[in-house]
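> Generate coordinates for the sequence data below:
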Amino acid sequence: AVRQELDRAQRHLDLAMYRTEQDVEASAQLLRMIEPRAGMPPTGAWAINARNLLHVAQLLRTHRPRRVLELGSGSSTVWLGYLLELVDGELTSLDHLEEFAGRTRQML
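Numbering: from 1, shown residues only. As a prediction, the model looks like this:
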């Protein structure tokens with residue numbers, strides 16, 4: 001039973017480390033795409049992770065939308081704003097919580 005728990009914990013740790021490595025690699029790719037004018041907000045946790053944000057960036061480059069509507073604001077709003085500049089797109093973000101909308105305005 002103890003050995004099984006240790007094996008399970010090791011698999012969990014291995015997966016977490018693999019995902020972290022993927023996020024670091026995705027963050028590096030994202031930062032090569034844009035020219036930030038200030039420090040960038042973190043990804044992951046409550047915010048979109050870098051892997052998914054890189055996927056969104058690829059979709060934006062492929063489809064080149066004129067407008068994007070984001071439901072919920074935060075770190076992703078800043079990242080999407082920069083990414084949409086690359087394709088001459090516009091971003092509208094809605095947030096139902098004034099606290100989060102205010103934090104996003106401060107980041108922008």
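
> Going by C-alpha atoms from here, please, whenever you check contacts or count neighbours.
Will do.

> Leu91 belongs to a strand, doesn't it?
Yes: when classified by DSSP: H, G, I helix; E, B strand; the rest coil, Leu91 is found to be part of a strand.

> Can you give me the neighbour number for it?
The tally of other residues near Leu91 (other CA atoms under 10 Å) stands at 19.

> list the helices and strands the helix or strand harbouring Asp14 packs on?
Under the assignment given by DSSP states H and E, the secondary-structure element containing Asp14 is helix 2-33. For helix 2-33, the helices and strands in contact under the criterion 3 or more CA pairs under 8 Å, 6 or more residues apart in numbering; DSSP states H and E are helix 50-63.

> Any chance you could list what contacts the helix it packs on?
Applying CA atoms under 8 Å, 6 or more residues apart in numbering, the contact partners of helix 50-63 are 22-24, 26-27, 29-30, 43-44, 76, 80, 83-84, 86-87.

> so how far is it off the chain centroid?
Taking the mean of its C-alpha atoms, helix 50-63 sits 10 Å from the chain's own mean (CA atoms, centre = their mean, to the nearest Å).

> Buried residues, it. List them.
Under the neighbour-count criterion of 16 or more other CA atoms under 10 Å, helix 50-63 has Ala50, Arg51, Leu53, Leu54, Ala57, Leu60 buried.

> now the angle from it to helix 2-33?
Per axes from the mean of the first three to the mean of the last three CA atoms, to 10 degrees, the angle that helix 50-63 makes with helix 2-33 is 40 degrees.
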